[in-house]
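Engineer: The following block contains a protein sequence and its predicted model.
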Amino acid sequence: EVQFVESGGGMVQPGGSLRLSCVASGFTFKDHDMSWVRQAPGKGPEWVSAIDMTSTSTYYVDSVKGRFTISRDNARNTLHLQMNSLKSDDTALYYCTRTARLQQALEGVFFGQGTQVTVSA
């Protein structure tokens, strides 16, 4: 059974930083491209970032480029998202997903509980 355990969220002031982690199980992590998706209050899910299997290529939505960095540790089945210069618009529940299942995530189907990020003064 595919499962994700996201962690690292919290409440920070604008300009602050957080590092999110996602531990994956139930599939061969190193063989899958991975993504982060977020869902802000009252809005639909939004793709944030993706990374390929070998960490060769990374991708970001324009609104987080230059502020967020995605990375992975295949030995620990773990995906990370380093978030710097946080803004109030980054407030959301953050989920990880296999990129191959991104459409499912964008429809609100997740296999983890997510981790809450709140940016507020």
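Structural biologist: Perfect, thanks for sending it. Everything numeric here is computed off the predicted structure, so don't read it as measured data. Numbering: from 1, shown residues only.
Engineer: what mean pLDDT does stretch 83-103 have?
Structural biologist: The predicted model assigns stretch 83-103 a mean pLDDT of 97.
Engineer: Strands of this structure, start to end?
Structural biologist: Remark: strands assigned in the chain by DSSP state E are 3-7, 10-12, 18-25, 34-39, 45-51, 58-60, 68-73, 78-83, 92-98, 115-119.
Engineer: Compare those strands and give me the one nearest L106.
Structural biologist: Within the strands of the chain, the stretch nearest L106 is strand 45-51; the backing value is 5.0 Å (CB to CB). Where C-beta positions appear, they are placed from N, C-alpha and C, glycine not excepted.
Engineer: Can you give the distance from that closest one to the centre of its chain?
Structural biologist: Computed by CA atoms, centre = their mean, to the nearest Å, the chain-centroid distance of strand 45-51 equals 7 Å.
Engineer: Next, the angle strand 34-39 makes with that strand.
Structural biologist: 160 degrees (axes from the mean of the first three to the mean of the last three CA atoms, to 10 degrees).
Engineer: which residues are in contact with strand 45-51?
Structural biologist: By CB atoms under 8 Å, 6 or more residues apart in numbering, the residues outside strand 45-51 that reach it are 33-40, 57-61, 64, 68, 70-72, 79, 81, 92, 94-95, 99, 102, 105-108.
Engineer: And those, which of them are buried?
Structural biologist: A residue is treated as buried here by neighbour count (16 or more other CB atoms under 10 Å); on that basis the buried members of the contacts of strand 45-51 are 33-39, 60, 64, 68, 70, 72, 79, 81, 92, 94-95, 99, 102, 105-106.
Engineer: The residue nearest to the spatial centre of the chain pairs with what?
Structural biologist: Among the residues of the chain, the smallest C-alpha distance to the mean C-alpha position (CA atoms, centre = their mean) belongs to W36, namely 2.8 Å. Using DSSP bridges, the beta-bridge partners of W36 come out as S49, C96.
Engineer: Take the lowest-mean-pLDDT helix or strand in the chain, keep the C-alpha atoms, and write them as PDB.
Structural biologist: Each helix and strand of the chain was given a mean pLDDT (mean pLDDT, DSSP states H and E); the minimum falls on helix 102-106 at a mean of 92. Output in PDB follows, covering the C-alpha atoms of helix 102-106 (Å, rounded to 0.1, in the frame of the first residue of the first chain):
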ATOM      1  CA  LEU A 102      -0.100  13.900 -10.100                       C
ATOM      2  CA  GLN A 103      -3.500  14.200 -11.800                       C
ATOM      3  CA  GLN A 104      -5.000  12.200  -9.000                       C
ATOM      4  CA  ALA A 105      -3.400  14.500  -6.500                       C
ATOM      5  CA  LEU A 106      -4.700  17.600  -8.300                       C
END
